[in-house]
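In: Fold the stuff below for me.
(chains A and B)
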Amino acid sequence: MTPVHNKILFIGPMGAGKTTAIQTLSDDMAANTEVRNSNRDMYDKATTTVAMDYGAIQLDDEQLVHLYGIPGQKHFEAVWPVIAKGAIGAILLVNASQPDWQNDMLYFLNAFPQLVTSGSLVVAINRGSDQQQLQILELLSQQNLCLPVLLTDPRDRGQLVMTLEILIANLEIETLIHE
Amino acid sequence: MNLSVKTFGFTPYEVELIKEQIRVTSNKTTGQWSFEGEGTDADLVLARVPCQGQHKVQVPLYGFPLPADRRQQDVVYLKSEWPLRIFGLLEIFRQAESVCTARTSLPASKPAESAELPATIQLAQQAARIKDGQSLSVEAADNRCYVRLFDGQRLVLSNLPIETLASRLVAANSLRFESVKHIDSQYRTVTPLKSLLWSMQLQQPVSANDIDNWNNKTHRLLAWPALGQYKTSSFMFRLCTLLTKQSTSIQNAARLANTSEDNVVRFLTACQLVGTPISSTESPARGLPDLAPKMTVNRPVTPPAEQQLSLLQSLRNKLRKALS
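Out: Numbering: from 1, shown residues only, chains lettered A, B, ... in the order given. Prediction:
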């Protein structure tokens, strides 16, 4: 049987809410590799992910959707492609209350060009406003990018489900138009 | 020659952008163009939604041509593309100047009779006219709501949930509008006007005329609508995905998004009303597929179609179950 590639990636800088989002969506307790944050100058939170986060959504006895979260700090950039391999889509989480959050977003878009050009990426703004959502749409347009942008609270399952629904729609359309 | 230009139905951000473009072109035109804000009484109106009013020239930037029966006979309609570029704007000014020069020697013509417009368009037009701090009372049968311009954003105040309000306004034969000075602040829902227009448009009956507006052309969304602010469903996600990837006819969009042509027309019009840029081009040929060249980028690993679609359906079902 052909293996089914069903990996969804959560990307974004440290403190964006990736670990929380995976925990919110997973059926069971998600696995994480949180350690004490030794770089509180960059982002003031107690712990941070150093390897990756993992969670899963069980569809039936045989099928699982795997949720992987990358470590957000840029010095882990070398492992991002390894974790991203085979992903069918990604959710880019950005914390809009952080300084330089727009540049952070562009940095991650550049780091995952394959997902961006295929449209398999949703930008989820955490702690953002309607105005910031419009700013991001404008910023993407200036970069000649056309991606969905949503205001998302990573603790809110309903909002995360909407981001997954958009990824599903993208995959359905990609599958149909390339058939 | 002193000439006035106004915008109609744009977002505050877009208005600022146009204002800046007009400033840049100010010393490159024969006439003296002055920007006078949002409205329909000016020599030239740049319209993002269909509108009528006292103007000589209109540039419809809403992506589809207005049928002849809804056009004002004494207004000259100029074609241009949205988003506007500096050279496009200069060309508009040049043509509008010749129209206005020619008109100054003619007697004023009778104002055209107002054509009956759908409730959603009526509301969009009336709401676009209100100024900061002003309020508009909207009455349909026994239902009343208010639109208020506050801090650059048009808000709807109502005692009804937004979806119920949308259905009642659409169901009413006509809406009554009245400018009011004071409104009670005790309202259960305060929603952006765009959310109401979106919901109304998606419930609006689709006429043959509406289909004609979008037919024989292919359409492409140049940006995603600000989802999350509007009521959405799976077919809309598929339409957004498809229409941002390639320019597509309404027939093909309906087939690929697994929905009806009416829904595609409703969706496209709703996108227009909330200011999502759409590019429409004349369809080169009939038949399917009318798709633009396929993307040649490296795509993520894609399993066989059937297997993929079944997985996606299972995932969607699972997500819905989890939320119910």
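In: residue boundaries of the strands in chain B?
Out: Secondary structure of chain B (DSSP state E): strands at B:2-8, B:32-38, B:42-47, B:55-60, B:76-77, B:135-140, B:143-150, B:153-158, B:176-180, B:189-192, B:217-221, B:278-282.
In: Repeat that for chain A.
Out: Under DSSP E, chain A gives strands at A:7-11, A:34-36, A:47-49, A:53-58, A:64-69, A:87-95, A:121-126, A:149-151.
In: And the average pLDDT for the first one is what?
Out: In other words, strand A:7-11. Mean per-residue pLDDT for strand A:7-11: 94.
In: Which strands or helices does that strand pack on?
Out: helix A:18-25, strand A:64-69, helix A:80-84, strand A:87-95 (3 or more CB pairs under 8 Å, 6 or more residues apart in numbering or on different chains; DSSP states H and E). Every residue, glycine included, has its C-beta placed from N, CA and C.
In: can you do 7 Å?
Out: If you count contacts as 3 or more CB pairs under 7 Å, 6 or more residues apart in numbering or on different chains; DSSP states H and E, strand A:7-11 packs onto helix A:18-25, strand A:64-69, strand A:87-95.
In: and the residue in the stretch 101-250 of chain B positioned nearest to chain A, how many neighbours?
Out: Closest residue of the stretch 101-250 of chain B to chain A, CB to the nearest CB: B:F237 (3.5 Å). Counted by other CB atoms under 10 Å in any protein chain shown, the residues lying close to B:F237 total 23.
In: For the nearest residue to it once chain neighbours are set aside, list the residues it contacts.
Out: Leaving aside its chain neighbours, B:F237 sits nearest to A:A169 (3.5 Å; criterion: CB to CB, 6 or more residues apart in numbering or on different chains). If you count contacts by CB atoms under 7 Å, 6 or more residues apart in numbering or on different chains, A:A169 has them with B:S234, B:F237, B:R238, B:T241.
In: Centre of the chain to stretch B:196-216, how far?
Out: Centroid displacement of stretch B:196-216 relative to its chain, using CA atoms, centre = their mean, to the nearest Å, is 11 Å.
In: ignore the last one, stretch B:37-54
Out: Going by CA atoms, centre = their mean, where stretch B:37-54 is centred and where its chain is centred differ by 14 Å.
In: start to end distance for it?
Out: End-to-end distance for stretch B:37-54, by CA to CA, to the nearest Å: 15 Å.
In: If we ignore the residues flanking it in sequence, what's nearest B:A127?
Out: Nearest to B:A127 is B:V147, by CB to CB, 6+ apart, at 4.7 Å.
In: Kindly apply the preceding question to A:E165 instead.
Out: B:F237 (5.7 Å).
In: tell me the contacts of the one you found?
Out: Applying CB under 7 Å, 6+ apart, the residues contacting B:F237 are A:E165, A:I166, A:A169.
In: The second one: neighbouring residues, count only.
Out: Yep, that's A:I166 we're talking about. 29.
In: So which of the contacts of B:F237 sit within helices?
Out: A:E165, A:I166, A:A169 (DSSP state H).
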